[in-house]
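Engineer: my questions are about this predicted structure, shown below with the sequence.
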Amino acid sequence: GDMGIIHFLYGELSHEALVQATFFSSLLCFIVGVYWMMRSLKDSVFASVVGLEYQPQAKMFSLVVVSVVLVAYNKIVDIVPR
């Protein structure tokens, strides 16, 4: 088939590279789509399960946990050789 637009946008790609790029592009679209849907449900589910009065503490705790995990991940990336 004619793959003119793909060659125009991405240049010459081997079949394997094209399959890999298509797979990862589809995966990214899926992840973004699921995140978008879940984000809209987050506050309502949290309010019904825990209660809105705990939301500020949960957001602060989440920030601390994400920061600690990020620092730990960066340390592991620095330690482990490629």
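Structural biologist: Now that the structure is in, tell me what you want to look at.
Engineer: helices of the chain, start to end?
Structural biologist: For the chain, applying DSSP state H gives helices covering 4-10, 15-49, 55-79.
Engineer: now these as JSON lines including mean pLDDT and mean neighbour count?
Structural biologist: For glycine as for every other residue, the C-beta is placed from the backbone atoms N, C-alpha and C. Below are these laid out as JSON lines (pLDDT from 0 to 100; neighbours: other C-beta atoms under 10 Å):
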{"stretch": "helix 4-10", "mean pLDDT": "81", "mean neighbour count": "10"}
{"stretch": "helix 15-49", "mean pLDDT": "92", "mean neighbour count": "10"}
{"stretch": "helix 55-79", "mean pLDDT": "96", "mean neighbour count": "10"}
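Engineer: for the most centrally placed residue in the chain, give its distance to Ser25.
Structural biologist: Taking C-alpha atoms, centre = their mean, the centroid of the chain lies closest to Ile31, which sits 5.8 Å from it. Ile31 is 11 Å from Ser25, where distance means C-beta to C-beta, to the nearest Å.
Engineer: ok so, going back, tell me how far the residue nearest to the centre of the chain lies from Leu18.
Structural biologist: Using C-beta to C-beta, Ile31 is found at 21 Å from Leu18.
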